[in-house]
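# Build me a model:
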Amino acid sequence: MRPLLAALLLAAPLGAQVPADLQRERDEFARWLTTDPTSPYAALGLHPVGSGMSIGAEPSDIPMPGVARGIITEERGVVALTSAGTRRVLPRERVVPLGGAYRLLVSGAPGRAVVVAFGAVRRPKPPLYYGHESGLRLSATLEPPERRGSFRTLGLDGAETAATEAGFVTLTLPTARTRLRVYRVGAVEDEEAPLLIFFRDSTNARGTYPAGRFVELIPEGGGRYLVDFNRARNPYCAYSTIFPCPAPWPGNAVAAAIPAGERYQAATP
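As a prediction, the model looks like this:
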């Protein structure tokens, strides 16, 4: 995969060599995106369970040719698929095979479950990147949050998840100074839940995904965090219209270009 990905990367300025650890991350992500059975390119449909939903032969909420029609329901937080008189529990955040290339994945809090159905990977496109920009690797401290308590938001994968406002980082970019809102995305009690920034900048729709991109804060120790925009990623909706896009986070529009990280190529319907 590495030679193929390298051939598809946008040309970087001379001297802008991608560090080995970042290149490995990009290679692994490209391999997952273009081959994995739960890649966005394999998604057939996404639907809330609600009071009940159907999969399989049409008419169904998520048509899956060749799969016996079944009904997915949620009762007291337990999601189950009933098909041909057989009931099968669908554990959350665990891929459930249905035979052949078909798979189901349930996410969401109890009472708000969402099902994503997957089939064969279709027309995958390896991700494209800007050249490495060392000036967009920035170190910052985390400033106190303005908002307290847990709330619901959409994550990178388009699934609704719990989040808390972790605070703010003030960053001095090559052409601007900006203050960005940081969320801890995941259960409140999960200390390993990532610290994320969902941001927009002036490259949106001019080389990067119009809705914005995500970047994760990397702990450096001593209360400081690395914000490496060379690691900025697109949300899943950039690869497939099946996934809903996160709404812009308040205040996270940067009045400058951030030409680093993942670029955008139009998704195939």
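# Distance of the residue of the chain positioned farthest from its centre relative to A247?
Distance from the centre of the chain peaks at G85, with 35.7 Å (Cα atoms, centre = their mean). Distance of G85 to A247, given as Cβ to Cβ, to the nearest Å: 42 Å. Just so you know, the C-beta spots here come from the backbone N, C-alpha and C atoms, and that holds for glycine as well.
# likewise R94?
28 Å.
# all helices of the stretch 151-269 of the chain, in order?
Here the stretch 151-269 of the chain has no helices by DSSP state H, counting those that start in this stretch.
# now stretch 206-218, how far from the chain's geometric center?
Here stretch 206-218 shows a centroid-to-chain-centroid distance of 10 Å under the convention Cα atoms, centre = their mean, to the nearest Å.
# Between the two ends of that stretch, how far is it?
For stretch 206-218, the first-to-last residue distance is 27 Å (Cα to Cα, to the nearest Å).
# Report the buried residues of it.
T208, Y209, A211, G212, R213, F214, V215, E216, L217 (16 or more other Cβ atoms under 10 Å).
# can you list contacts of the helix of greatest length in the chain?
Counting by DSSP state H, the longest helix found in the chain is helix 20-35. The list of residues contacting helix 20-35 from outside it, by Cβ atoms under 8 Å, 6 or more residues apart in numbering, reads 1-2, 5, 18, 39-41, 121, 124-127, 129, 132, 228, 230-231, 233, 239.
# Just the buried ones from these?
Buried, going by 16+ other Cβ under 10 Å: 5, 18, 39-41, 121, 124, 126-127, 129, 132, 228, 230-231, 233, 239, out of these.
# Out of these, which comes closest to V79?
P40 (21.5 Å; Cβ to Cβ).
# how far away is the residue farthest from the centre of the chain from I258?
55 Å.
# how about the nearest residue in space to R92 that is not next to it in sequence, what does it touch?
Once flanking residues are discounted, R92 sits nearest to V106: 5.0 Å by Cβ to Cβ, 6 or more residues apart in numbering. Residues counted as contacts of V106 (Cβ under 8 Å, 6+ apart) are V49, V79, L90, P91, R92, E93, R94, V96, A113, V114, V115.
# for A117, same thing?
Counting by Cβ under 8 Å, 6+ apart, A117 touches A43, L44, G45, L46, I55, I62, M64, Y102, R103, L104.
# check which helix or strand covers it.
strand 114-118 (DSSP states H and E).
# Report the buried residues of the lengthiest strand in the chain.
Longest strand in the chain by number of residues (criterion: DSSP state E): strand 160-172. Buried residues in strand 160-172, counted by 16+ other Cβ under 10 Å: E160, T161, A162, A163, T164, E165, A166, G167, F168, V169, L171.
# helices or strands next to that strand in the packing?
With contacts taken as 3 or more Cβ pairs under 8 Å, 6 or more residues apart in numbering; DSSP states H and E, strand 160-172 sits against strand 137-141, strand 150-154, strand 177-185, strand 224-228.
# Redo those as CSV? Include mean pLDDT.
Converted to CSV, the helices and strands packed on strand 160-172 look like this (pLDDT from 0 to 100):
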stretch, mean pLDDT
strand 137-141, 97
strand 150-154, 92
strand 177-185, 96
strand 224-228, 98
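# can those strands go into a markdown table with extra columns for distance to R69?
A markdown table is the format used below for the helices and strands packed on strand 160-172 (distance: least, Cβ to Cβ, whole Å):
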| stretch | distance to R69 |
| --- | --- |
| strand 137-141 | 52 |
| strand 150-154 | 29 |
| strand 177-185 | 35 |
| strand 224-228 | 47 |
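# Of all those, which one comes closest to R200?
strand 177-185 (10.4 Å).
# counting contacts, what elements does that closest one pack onto?
Packed next to strand 177-185, using 3+ Cβ pairs under 8 Å, 6+ apart, are strand 160-172, strand 195-199.
# what inclination does the first one have with respect to strand 137-141?
So the one you mean is strand 160-172. Using axes from the mean of the first three to the mean of the last three Cα atoms, to 10 degrees, the inter-axis angle of strand 160-172 relative to strand 137-141 is 100 degrees.
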